[in-house]
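Asker: Structure for the following, please:
(one chain, ligands or ions: 1)
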Amino acid sequence: MWRGIVEEYREFMPVSDDTPIVTLFEGNTPLYKANRLSNAAGVEVWLKYDGLNPTGSFKDRGMAMAVTKAKEEGAEVLICASTGNTSAAAAAYAASAGMKAVVVIPHGKVALGKLAQTIMYGAEIIEIEGNFDEALAIVRQIAESHPIKLVNSVNPYRIEGQKTGAFEVCDALGEAPTHLAIPVGNAGNITAYWKGFNEYRKNRRSGKLPKMIGFEATGAAAIVRGKPIENPETIATAIRIGNPASWEPAVQAAKDSKGKIDHVGDDEILEAYRMIAAEGVFCEPGSAASVAGVLKLAKAGCFANNDRVVCVLTGNGLKDPETAMKHGVSIETKVVAAKEEAVVKAIF
Ligand SMILES: Cc1ncc(COP(=O)(O)O)c(/C=C/C(=O)C(=O)O)c1O
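Answerer: Alright, predicted model coming up:
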(Lines give C-alpha, C1' and ligand atoms only; values in the text may rest on other atoms or scores of the structure.)
Protein backbone atom coordinates (compact mmCIF):
# COMPACT_ATOMS: atom_id res chain seq x y z
CA MET A 1 0.00 0.00 0.00
CA TRP A 2 1.31 3.48 -0.88
CA ARG A 3 2.41 5.24 2.34
CA GLY A 4 2.62 8.86 1.14
CA ILE A 5 5.57 10.79 -0.29
CA VAL A 6 7.59 11.18 2.95
CA GLU A 7 7.70 7.45 3.73
CA GLU A 8 8.05 6.31 0.11
CA TYR A 9 11.01 8.62 -0.53
CA ARG A 10 12.35 8.78 3.04
CA GLU A 11 16.02 8.55 1.97
CA PHE A 12 15.61 11.89 0.13
CA MET A 13 13.63 13.63 2.87
CA PRO A 14 14.80 15.76 5.84
CA VAL A 15 13.26 13.46 8.46
CA SER A 16 14.52 11.23 11.27
CA ASP A 17 12.97 8.16 12.88
CA ASP A 18 11.36 10.47 15.45
CA THR A 19 9.72 12.80 12.93
CA PRO A 20 5.90 12.62 13.25
CA ILE A 21 4.81 12.00 9.64
CA VAL A 22 1.65 13.85 8.58
CA THR A 23 0.20 12.31 5.43
CA LEU A 24 -3.02 11.92 3.48
CA PHE A 25 -1.24 9.35 1.29
CA GLU A 26 -0.43 11.97 -1.31
CA GLY A 27 1.60 11.13 -4.38
CA ASN A 28 1.70 8.04 -6.60
CA THR A 29 -0.34 9.88 -9.23
CA PRO A 30 -0.79 8.51 -12.77
CA LEU A 31 1.39 9.32 -15.78
CA TYR A 32 -0.72 8.99 -18.94
CA LYS A 33 0.56 8.72 -22.53
CA ALA A 34 -1.53 11.31 -24.44
CA ASN A 35 -1.94 9.88 -27.93
CA ARG A 36 -4.00 12.64 -29.55
CA LEU A 37 -1.87 15.38 -28.00
CA SER A 38 1.26 13.51 -29.16
CA ASN A 39 -0.09 13.51 -32.72
CA ALA A 40 -1.01 17.20 -32.47
CA ALA A 41 2.44 18.11 -31.11
CA GLY A 42 4.41 15.69 -33.33
CA VAL A 43 6.28 14.49 -30.24
CA GLU A 44 5.64 11.98 -27.43
CA VAL A 45 3.48 13.75 -24.80
CA TRP A 46 2.83 12.31 -21.32
CA LEU A 47 0.53 13.82 -18.68
CA LYS A 48 1.51 13.68 -14.99
CA TYR A 49 -1.92 14.06 -13.46
CA ASP A 50 -1.28 15.50 -10.01
CA GLY A 51 -4.96 16.44 -9.81
CA LEU A 52 -5.45 13.00 -8.24
CA ASN A 53 -3.78 13.96 -4.99
CA PRO A 54 -5.92 13.98 -1.81
CA THR A 55 -7.01 17.64 -2.13
CA GLY A 56 -6.74 17.55 -5.94
CA SER A 57 -3.47 19.39 -6.53
CA PHE A 58 0.33 18.98 -6.37
CA LYS A 59 0.33 21.19 -3.27
CA ASP A 60 -0.35 18.08 -1.17
CA ARG A 61 3.21 16.88 -1.80
CA GLY A 62 4.71 20.06 -0.40
CA MET A 63 2.17 20.42 2.38
CA ALA A 64 2.79 16.85 3.64
CA MET A 65 6.46 17.71 4.17
CA ALA A 66 5.87 21.26 5.48
CA VAL A 67 3.19 20.22 7.98
CA THR A 68 5.22 17.19 9.08
CA LYS A 69 8.12 19.50 9.93
CA ALA A 70 5.80 22.09 11.51
CA LYS A 71 4.42 19.38 13.78
CA GLU A 72 7.94 18.20 14.64
CA GLU A 73 8.80 21.80 15.60
CA GLY A 74 5.73 22.03 17.83
CA ALA A 75 3.82 24.55 15.73
CA GLU A 76 0.09 24.81 16.38
CA VAL A 77 -0.99 27.37 13.81
CA LEU A 78 -0.15 27.47 10.07
CA ILE A 79 -0.61 30.42 7.71
CA CYS A 80 -0.45 30.85 3.95
CA ALA A 81 -1.43 33.18 1.14
CA SER A 82 -3.06 31.37 -1.73
CA THR A 83 -4.76 31.52 -5.11
CA GLY A 84 -6.73 28.56 -3.75
CA ASN A 85 -4.87 25.25 -3.91
CA THR A 86 -2.28 26.05 -1.25
CA SER A 87 -5.07 27.10 1.09
CA ALA A 88 -7.05 23.92 0.42
CA ALA A 89 -3.98 21.76 1.06
CA ALA A 90 -2.89 23.72 4.14
CA ALA A 91 -6.41 23.44 5.57
CA ALA A 92 -6.57 19.69 4.92
CA TYR A 93 -3.15 18.83 6.35
CA ALA A 94 -3.70 21.13 9.33
CA ALA A 95 -6.98 19.34 10.04
CA SER A 96 -5.27 15.98 9.69
CA ALA A 97 -2.51 17.06 12.10
CA GLY A 98 -4.90 18.66 14.60
CA MET A 99 -3.55 22.13 13.89
CA LYS A 100 -5.24 25.41 12.97
CA ALA A 101 -4.83 26.89 9.47
CA VAL A 102 -5.21 30.58 8.62
CA VAL A 103 -5.44 31.34 4.90
CA VAL A 104 -5.30 34.75 3.21
CA ILE A 105 -6.79 34.78 -0.29
CA PRO A 106 -7.67 37.37 -2.96
CA HIS A 107 -11.39 38.18 -2.50
CA GLY A 108 -13.51 36.96 -5.41
CA LYS A 109 -10.58 35.41 -7.30
CA VAL A 110 -10.52 31.86 -5.90
CA ALA A 111 -12.16 29.03 -7.85
CA LEU A 112 -15.32 27.64 -6.25
CA GLY A 113 -14.03 24.12 -5.57
CA LYS A 114 -10.94 25.40 -3.77
CA LEU A 115 -13.03 27.69 -1.57
CA ALA A 116 -15.46 24.86 -0.78
CA GLN A 117 -12.57 22.63 0.29
CA THR A 118 -10.98 25.30 2.46
CA ILE A 119 -14.33 25.97 4.14
CA MET A 120 -14.96 22.27 4.76
CA TYR A 121 -11.50 21.60 6.17
CA GLY A 122 -12.26 24.37 8.66
CA ALA A 123 -9.55 26.96 8.00
CA GLU A 124 -9.81 30.55 9.20
CA ILE A 125 -10.38 32.32 5.85
CA ILE A 126 -9.35 35.96 5.39
CA GLU A 127 -10.24 37.46 1.99
CA ILE A 128 -8.27 40.61 1.11
CA GLU A 129 -9.32 43.31 -1.33
CA GLY A 130 -6.13 42.68 -3.29
CA ASN A 131 -4.18 39.96 -5.12
CA PHE A 132 -2.04 36.94 -4.23
CA ASP A 133 1.21 38.91 -4.21
CA GLU A 134 -0.17 41.36 -1.64
CA ALA A 135 -1.49 38.44 0.41
CA LEU A 136 1.93 36.76 0.38
CA ALA A 137 3.70 39.92 1.53
CA ILE A 138 1.23 40.23 4.42
CA VAL A 139 1.50 36.62 5.63
CA ARG A 140 5.32 36.71 5.45
CA GLN A 141 5.29 39.71 7.80
CA ILE A 142 2.80 38.05 10.16
CA ALA A 143 4.84 34.83 10.31
CA GLU A 144 7.93 36.84 11.26
CA SER A 145 6.30 38.46 14.25
CA HIS A 146 3.82 35.86 15.52
CA PRO A 147 4.05 32.20 16.68
CA ILE A 148 2.59 30.98 13.39
CA LYS A 149 4.26 28.79 10.72
CA LEU A 150 4.32 30.00 7.10
CA VAL A 151 3.63 27.13 4.67
CA ASN A 152 3.89 28.90 1.29
CA SER A 153 6.56 27.57 -1.06
CA VAL A 154 9.10 30.02 0.39
CA ASN A 155 9.12 27.36 3.14
CA PRO A 156 11.90 25.01 1.93
CA TYR A 157 10.04 21.94 3.17
CA ARG A 158 7.36 22.60 0.53
CA ILE A 159 10.07 22.22 -2.14
CA GLU A 160 11.33 19.04 -0.45
CA GLY A 161 7.87 17.51 -0.73
CA GLN A 162 7.15 18.68 -4.27
CA LYS A 163 10.44 17.34 -5.69
CA THR A 164 8.88 13.85 -5.36
CA GLY A 165 6.87 14.57 -8.51
CA ALA A 166 10.16 14.31 -10.43
CA PHE A 167 11.01 11.05 -8.67
CA GLU A 168 7.68 9.52 -9.70
CA VAL A 169 8.10 10.64 -13.33
CA CYS A 170 11.50 8.91 -13.49
CA ASP A 171 10.19 5.80 -11.72
CA ALA A 172 7.24 5.54 -14.12
CA LEU A 173 9.25 6.09 -17.32
CA GLY A 174 12.36 4.26 -16.13
CA GLU A 175 14.36 7.37 -17.00
CA ALA A 176 13.97 11.15 -16.95
CA PRO A 177 12.10 12.61 -19.97
CA THR A 178 13.85 14.90 -22.45
CA HIS A 179 11.57 17.80 -21.38
CA LEU A 180 9.47 18.58 -18.30
CA ALA A 181 6.72 21.13 -19.04
CA ILE A 182 5.11 22.84 -16.06
CA PRO A 183 2.87 25.83 -15.30
CA VAL A 184 4.60 28.68 -13.45
CA GLY A 185 2.88 30.88 -10.87
CA ASN A 186 4.91 31.48 -7.68
CA ALA A 187 7.59 29.27 -9.33
CA GLY A 188 8.06 26.85 -6.44
CA ASN A 189 7.07 23.77 -8.42
CA ILE A 190 9.49 24.19 -11.34
CA THR A 191 12.21 24.74 -8.72
CA ALA A 192 11.16 21.58 -6.86
CA TYR A 193 11.05 19.37 -9.96
CA TRP A 194 14.54 20.49 -11.03
CA LYS A 195 15.85 19.70 -7.53
CA GLY A 196 14.23 16.28 -7.71
CA PHE A 197 15.67 15.40 -11.13
CA ASN A 198 19.16 16.42 -9.94
CA GLU A 199 18.92 14.38 -6.74
CA TYR A 200 17.66 11.31 -8.61
CA ARG A 201 20.48 11.50 -11.13
CA LYS A 202 23.09 12.06 -8.39
CA ASN A 203 21.81 8.92 -6.69
CA ARG A 204 21.94 7.01 -9.98
CA ARG A 205 18.18 6.51 -9.98
CA SER A 206 18.09 8.16 -13.41
CA GLY A 207 20.72 8.74 -16.07
CA LYS A 208 19.98 12.22 -17.39
CA LEU A 209 18.36 15.59 -16.73
CA PRO A 210 15.38 17.00 -18.66
CA LYS A 211 15.10 20.45 -20.14
CA MET A 212 12.79 22.41 -17.81
CA ILE A 213 10.16 24.36 -19.78
CA GLY A 214 7.95 26.52 -17.60
CA PHE A 215 4.92 28.51 -18.76
CA GLU A 216 3.42 31.63 -17.26
CA ALA A 217 0.05 33.02 -18.32
CA THR A 218 0.64 35.96 -20.67
CA GLY A 219 -1.26 38.37 -18.39
CA ALA A 220 0.88 37.29 -15.43
CA ALA A 221 4.22 36.66 -17.17
CA ALA A 222 6.52 38.54 -14.80
CA ILE A 223 9.58 36.34 -15.40
CA VAL A 224 9.17 36.46 -19.19
CA ARG A 225 8.85 40.25 -19.09
CA GLY A 226 11.67 40.56 -16.58
CA LYS A 227 9.66 42.64 -14.12
CA PRO A 228 6.85 42.15 -11.61
CA ILE A 229 3.32 42.72 -12.88
CA GLU A 230 1.28 44.85 -10.51
CA ASN A 231 -2.16 43.67 -11.62
CA PRO A 232 -1.73 40.20 -13.11
CA GLU A 233 -4.77 38.97 -15.02
CA THR A 234 -5.58 35.53 -16.45
CA ILE A 235 -8.54 33.16 -16.58
CA ALA A 236 -6.14 30.61 -15.03
CA THR A 237 -6.64 32.01 -11.54
CA ALA A 238 -4.25 29.46 -9.97
CA ILE A 239 -1.30 31.18 -11.69
CA ARG A 240 -2.58 34.77 -11.47
CA ILE A 241 0.66 35.76 -9.75
CA GLY A 242 2.65 38.87 -10.69
CA ASN A 243 5.78 38.57 -8.56
CA PRO A 244 6.90 34.93 -8.17
CA ALA A 245 8.56 34.28 -4.80
CA SER A 246 10.86 31.62 -6.33
CA TRP A 247 11.76 33.79 -9.33
CA GLU A 248 15.51 33.30 -9.02
CA PRO A 249 15.69 29.51 -8.59
CA ALA A 250 13.13 29.08 -11.38
CA VAL A 251 15.23 31.12 -13.82
CA GLN A 252 18.31 29.15 -12.68
CA ALA A 253 16.50 25.84 -13.28
CA ALA A 254 15.54 26.90 -16.80
CA LYS A 255 19.11 28.09 -17.50
CA ASP A 256 20.96 25.13 -15.99
CA SER A 257 18.69 22.64 -17.74
CA LYS A 258 18.98 24.47 -21.11
CA GLY A 259 15.24 24.93 -21.00
CA LYS A 260 13.22 28.13 -20.86
CA ILE A 261 10.38 30.02 -19.26
CA ASP A 262 7.80 31.15 -21.80
CA HIS A 263 4.20 32.38 -21.71
CA VAL A 264 0.82 31.27 -23.12
CA GLY A 265 -2.36 33.29 -23.62
CA ASP A 266 -5.74 32.50 -22.12
CA ASP A 267 -7.10 31.26 -25.47
CA GLU A 268 -4.19 28.84 -25.84
CA ILE A 269 -4.74 27.68 -22.24
CA LEU A 270 -8.47 27.08 -22.83
CA GLU A 271 -7.79 25.20 -26.10
CA ALA A 272 -5.29 22.96 -24.31
CA TYR A 273 -7.75 22.56 -21.40
CA ARG A 274 -10.29 21.10 -23.84
CA MET A 275 -7.72 18.94 -25.68
CA ILE A 276 -6.58 17.41 -22.39
CA ALA A 277 -10.22 16.62 -21.51
CA ALA A 278 -10.48 14.88 -24.90
CA GLU A 279 -7.80 12.51 -23.59
CA GLY A 280 -10.09 11.68 -20.65
CA VAL A 281 -8.22 13.90 -18.17
CA PHE A 282 -9.98 16.85 -16.49
CA CYS A 283 -7.47 19.37 -15.20
CA GLU A 284 -7.97 22.97 -14.08
CA PRO A 285 -7.14 25.81 -16.49
CA GLY A 286 -3.82 26.77 -14.84
CA SER A 287 -2.56 23.22 -15.28
CA ALA A 288 -3.29 23.35 -19.02
CA ALA A 289 -0.62 26.03 -19.43
CA SER A 290 1.96 23.22 -19.56
CA VAL A 291 0.29 21.56 -22.55
CA ALA A 292 -0.50 24.91 -24.20
CA GLY A 293 3.20 25.71 -23.94
CA VAL A 294 4.26 22.40 -25.49
CA LEU A 295 1.88 22.94 -28.41
CA LYS A 296 3.31 26.46 -28.86
CA LEU A 297 6.92 25.18 -28.87
CA ALA A 298 5.98 22.27 -31.15
CA LYS A 299 4.54 24.73 -33.68
CA ALA A 300 7.86 26.61 -33.52
CA GLY A 301 9.72 23.36 -34.27
CA CYS A 302 11.44 23.19 -30.88
CA PHE A 303 11.26 19.40 -30.45
CA ALA A 304 13.11 16.51 -32.09
CA ASN A 305 11.13 13.43 -33.21
CA ASN A 306 12.46 11.20 -30.46
CA ASP A 307 11.83 13.70 -27.67
CA ARG A 308 9.67 12.61 -24.75
CA VAL A 309 7.80 15.47 -23.07
CA VAL A 310 6.08 15.17 -19.69
CA CYS A 311 3.48 17.85 -18.92
CA VAL A 312 2.61 18.32 -15.25
CA LEU A 313 -1.15 18.76 -14.76
CA THR A 314 -1.06 20.39 -11.36
CA GLY A 315 -4.74 20.52 -10.38
CA ASN A 316 -8.04 18.68 -10.78
CA GLY A 317 -10.62 20.27 -13.09
CA LEU A 318 -13.32 19.91 -10.42
CA LYS A 319 -11.60 22.76 -8.59
CA ASP A 320 -13.02 25.24 -11.10
CA PRO A 321 -16.48 24.10 -12.30
CA GLU A 322 -17.45 27.61 -13.40
CA THR A 323 -14.73 27.80 -16.05
CA ALA A 324 -15.69 24.31 -17.28
CA MET A 325 -19.35 25.35 -17.63
CA LYS A 326 -18.35 28.48 -19.58
CA HIS A 327 -15.39 27.24 -21.65
CA GLY A 328 -15.71 23.47 -21.61
CA VAL A 329 -16.44 21.05 -24.42
CA SER A 330 -20.17 20.13 -24.37
CA ILE A 331 -21.42 23.44 -23.03
CA GLU A 332 -24.60 23.24 -25.15
CA THR A 333 -26.73 20.92 -22.99
CA LYS A 334 -30.28 20.01 -24.15
CA VAL A 335 -33.24 20.26 -21.76
CA VAL A 336 -36.13 17.99 -22.85
CA ALA A 337 -39.32 16.48 -21.47
CA ALA A 338 -38.89 13.38 -19.27
CA LYS A 339 -40.12 11.20 -22.11
CA GLU A 340 -38.18 8.56 -24.07
CA GLU A 341 -39.19 9.99 -27.42
CA ALA A 342 -37.97 13.44 -26.40
CA VAL A 343 -34.58 12.06 -25.39
CA VAL A 344 -34.34 9.92 -28.55
CA LYS A 345 -35.13 12.98 -30.67
CA ALA A 346 -32.46 15.00 -28.87
CA ILE A 347 -29.85 12.25 -29.40
CA PHE A 348 -30.59 11.28 -32.97
C1 LIG B 1 -3.16 24.29 -10.20
C2 LIG B 1 -1.88 25.08 -10.07
N3 LIG B 1 -0.98 24.99 -11.07
C4 LIG B 1 0.18 25.67 -11.01
C5 LIG B 1 0.46 26.49 -9.95
C6 LIG B 1 1.78 27.23 -9.96
O7 LIG B 1 2.70 26.52 -9.14
P8 LIG B 1 3.91 27.41 -8.56
O9 LIG B 1 4.64 27.93 -9.75
O10 LIG B 1 4.71 26.47 -7.73
O11 LIG B 1 3.26 28.49 -7.76
C12 LIG B 1 -0.44 26.62 -8.89
C13 LIG B 1 -0.10 27.52 -7.77
C14 LIG B 1 -1.02 27.90 -6.86
C15 LIG B 1 -0.67 28.74 -5.74
O16 LIG B 1 0.35 29.42 -5.74
C17 LIG B 1 -1.59 28.75 -4.59
O18 LIG B 1 -2.46 27.87 -4.50
O19 LIG B 1 -1.43 29.66 -3.75
C20 LIG B 1 -1.64 25.88 -8.95
O21 LIG B 1 -2.55 25.92 -7.96
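
Asker: Every contact and neighbour count from this point should use C-alpha atoms.
Answerer: Noted.

Asker: For the stretch 1-150 of the chain, just list every one of the strands.
Answerer: Ranges of strands in the stretch 1-150 of the chain, per DSSP state E, counting those that start in this stretch, are 31-33, 44-49, 77-81, 100-106, 124-128, 149-150.

Asker: which outside residues touch the first one?
Answerer: It stands for strand 31-33. E44, V45, W46, L47, K48, Y49, V169, A172 (Cα atoms under 8 Å, 6 or more residues apart in numbering).

Asker: Surely the fourth one and V310 touch.
Answerer: Yes: using Cα atoms under 8 Å, L47 is in contact with V310, at 5.8 Å.

Asker: The two: who's more crowded?
Answerer: A side-by-side neighbour count of L47 and V310, using other Cα atoms under 10 Å, places V310 first with 28 against 24.

Asker: between the helix or strand encompassing that one and strand 44-49, how many degrees?
Answerer: V310 belongs to strand 308-313 when assigned by DSSP states H and E. Relative orientation of strand 308-313 and strand 44-49, computed by axes from the mean of the first three to the mean of the last three Cα atoms, to 10 degrees: 30 degrees.

Asker: Toward the C-terminus, what is the element adjacent to strand 308-313?
Answerer: Proceeding N to C from strand 308-313, the next assigned helix or strand is helix 321-327, under DSSP H and E.

Asker: Which positions within that following helix qualify as buried?
Answerer: Across helix 321-327, burial judged by 16 or more other Cα atoms under 10 Å covers T323, A324, H327.

Asker: got it, and stretch 149-157?
Answerer: Across stretch 149-157, burial judged by 16+ other Cα under 10 Å covers K149, L150, V151, N152, S153, V154, Y157.

Asker: mind listing which of those are in helices?
Answerer: Using DSSP state H, Y157 are the members of the buried residues of stretch 149-157 that sit in helices.

Asker: Could you list the low-confidence segments of the stretch 51-200 of the chain?
Answerer: Residues of the stretch 51-200 of the chain meeting the criterion pLDDT under 70: none.

Asker: In terms of secondary structure, what does the helix or strand hosting I182 contact?
Answerer: Using DSSP H and E, I182 maps to strand 179-183. If contacts are counted by 3 or more Cα pairs under 8 Å, 6 or more residues apart in numbering; DSSP states H and E, strand 179-183 sits against helix 188-202, strand 211-217, helix 285-299, strand 308-313.

Asker: Is there contact, residue-wise, from that strand to the ligand?
Answerer: Yes: Strand 179-183 reaches the ligand (Cα under 6 Å from any ligand atom) through P183.

Asker: And the contacts of that strand?
Answerer: Here strand 179-183 makes contact (Cα under 8 Å, 6+ apart) with 189-190, 210-216, 239, 286-291, 293-294, 307-314.

Asker: so that strand versus strand 44-49, what angle?
Answerer: For strand 179-183 against strand 44-49, the angle by the same axes, to 10 degrees is 40 degrees.

Asker: Please convert the buried residues of helix 321-327 to JSON lines, extending it with distance to the ligand and pLDDT.
Answerer: Formatted as JSON lines, those follow (distance: Cα to the nearest ligand atom, whole Å; pLDDT from 0 to 100):
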{"residue": "T323", "distance to the ligand": "13", "pLDDT": "97"}
{"residue": "A324", "distance to the ligand": "14", "pLDDT": "97"}
{"residue": "H327", "distance to the ligand": "17", "pLDDT": "96"}
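
Asker: Columns distance to S57 on top of those residues, output as TSV?
Answerer: As requested, those are arranged in TSV below (distance: Cα to Cα, whole Å):
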residue	distance to S57
T323	17
A324	17
H327	21
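
Asker: A338: which of these is nearest?
Answerer: A324 (25.7 Å; Cα to Cα).

Asker: which ones are touching the residue lying closest to the closest one once chain neighbours are set aside?
Answerer: Spatial nearest neighbour of A324, chain neighbours left out: G317 (7.7 Å); criterion: Cα to Cα, 6 or more residues apart in numbering. Residues counted as contacts of G317 (Cα under 8 Å, 6+ apart) are G51, F282, C283, E284, P285, A324.

Asker: got a list of what the third one touches?
Answerer: Contact analysis of C283 by Cα under 8 Å, 6+ apart lists Y49, G51, Y273, I276, A277, L313, T314, G315, N316, G317, L318.
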